[in-house]
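Trainee: build the 3D model from these lines:
(2 chains)
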Amino acid sequence: MGEYQSRQLDGVFNALCDPTRRAILARLTDTEARVTEIAADFPISLNSISKHIRMLERAGLVTRSVQGREHVLSLNAGPLADAAEWIERYRRFWEGRLADLEKYVTQRKRKRQ
Amino acid sequence: MNAAIAPAAVVVRRNIAASAEDLFDAWLDPEALAIWMRPGAGIRNTEAKVEPRVGGRFEINMHAESGVIPHSGEYKVIDRPRRLVFTWFSPHTGDRDSLVTVDFLPRGKLTEVVVTHEQLPEAKREAHNGGWTKALEKLDAFRGASA
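Mentor: Residues are numbered from 1 along each chain as shown, chains lettered A, B, ... in the order given. Coordinates of the predicted model:
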């Protein structure tokens, strides 16, 4: 995993650790949406919503396009796949290690008895 | 989609028929680590060096056909036999620190071992780096003294 990819993952994880941002992403999984539409869905100020959206954009999870006077947001799921890959790699790694830890400790116990 | 959004960390659990003490000790014993911290695929052998105290470091070198895969980190919490927390640094973490927490939970005759491995957010990691540099200096002094 390269430096760029790792930094990108940090951004993804930081972006995902907030419930409002996760809700915005969930909202965009169905269809793209205007910033004003998304703001209307949440009981917080447009200013706070804009901050959350900027963070999602920086993480590469959301793409903004300007259509006339409207800013339209769409989901970019690519970086999520990288995060999922990291999680999957370490899930396999630690499952394997804990299986070997069990073998090691139980065999040792038998020898002692 | 939602499955990928939910956790920014990986949690792995296993119930093992052994005491929390025996399991805990296997994480800090270099001879034990050399045996069980060896992923099967292509790893011929593993060497481990351990400085088992808070702020102390470990190195686990996994020897593969293609060369050595170095893993290292620093112990943050050593609470025998309940909890062990250490940073984890390897080519697979993008050569940056991540954090591993291991909990040992008594379950009757068994012990549940829970490994939580998470990436560190940017700010947190910078805070770690100060301790990291200091620990490296200390380790060098330690090696110098024992050489």
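Trainee: who are the packing partners of the longest strand anywhere in chain B?
Mentor: The residue-count maximum for a strand in chain B (DSSP state E) belongs to strand B:67-79. Where contact means 3 or more CB pairs under 8 Å, 6 or more residues apart in numbering or on different chains; DSSP states H and E, strand B:67-79 is packed against strand B:57-64, strand B:83-89, strand B:97-107, helix B:122-146. C-betas here are computed from N, CA, C, even on glycine.
Trainee: pass me the low-pLDDT residue ranges in chain B, would you?
Mentor: Counting by pLDDT under 70, chain B has low-confidence residues at B:1-8, B:41, B:94-95, B:121-147.
Trainee: before we move on, which element is the closest residue in space to residue B:35 that isn't next to it in sequence in?
Mentor: Nearest residue to residue B:35 in three dimensions, chain neighbours excluded: residue A:104, at 5.4 Å (CB to CB, 6 or more residues apart in numbering or on different chains). For residue A:104, the host element (DSSP states H and E) is helix A:78-112.
Trainee: that helix - what's its average pLDDT?
Mentor: Helix A:78-112 shows a mean pLDDT of 88.
Trainee: the nearest residue to residue A:87 once chain neighbours are set aside in helix, strand or coil?
Mentor: Using CB to CB, 6+ apart and skipping the chain neighbours, the partner closest in space to residue A:87 is residue B:10 (4.7 Å). Secondary structure for residue B:10, judged by DSSP: H, G, I helix; E, B strand; the rest coil, is strand.
Trainee: list phi and psi for residue A:69.
Mentor: Main-chain torsions, residue A:69, degrees, to the nearest 10: phi -100, psi 0.
Trainee: pLDDT at it, what is it?
Mentor: Listed pLDDT for residue A:69 reads 88.
Trainee: tell me, how many residues neighbour it?
Mentor: Neighbour count for residue A:69, taken as other CB atoms under 10 Å in any protein chain shown: 6.
Trainee: what's the spacing between stretch B:13-30 and its chain's center?
Mentor: 13 Å (CA atoms, centre = their mean, to the nearest Å).
Trainee: that one and chain A, are they touching?
Mentor: Yes. Using CB under 8 Å from any CB of the partner chain, stretch B:13-30 reaches chain A at B:14, B:16, B:17, B:18, B:22, B:23, B:26.
Trainee: okay, and which of the residues you listed map to helices?
Mentor: If you go by DSSP state H, the residues of stretch B:13-30 next to chain A have B:22, B:23, B:26 in helices.
Trainee: how about the closest residue to the first one other than its chain neighbours, what does it touch?
Mentor: Excluding the flanking residues, the one nearest residue B:22 by CB to CB, 6+ apart is residue A:105, at 5.4 Å. Shown here is residue A:105, whose contacts under the criterion CB atoms under 8 Å, 6 or more residues apart in numbering or on different chains are B:16, B:18, B:22, B:23, B:26.
Trainee: make CSV out of those and add distance to residue A:19 and neighbour count.
Mentor: As requested, these are exported to CSV (distance: CB to CB, whole Å; neighbours: other CB atoms under 10 Å in any protein chain shown):
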residue, distance to residue A:19, neighbour count
B:16, 35, 21
B:18, 39, 21
B:22, 40, 19
B:23, 35, 23
B:26, 38, 22
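Trainee: show me which of those residues is closest to residue B:109.
Mentor: Proximity of those to residue B:109 (CB to CB) peaks at residue B:18, which lies at 9.2 Å.
Trainee: and residue 17, how many neighbours?
Mentor: As the question left the chain open, I've gone with chain A. Residue A:17, neighbours per other CB under 10 Å, totals 13.
Trainee: try chain B instead
Mentor: By the criterion of other CB under 10 Å, residue B:17 has 13 neighbours.
Trainee: and for the one helix or strand residue A:36 maps to, what's in contact with it?
Mentor: Take DSSP H and E as the rule and residue A:36 turns out to sit in helix A:35-41. With contacts defined as CB under 8 Å, 6+ apart, helix A:35-41 is touched by A:23, A:24, A:27, A:46, A:49, A:50, A:53, A:64, A:70, A:71, A:72, A:73.
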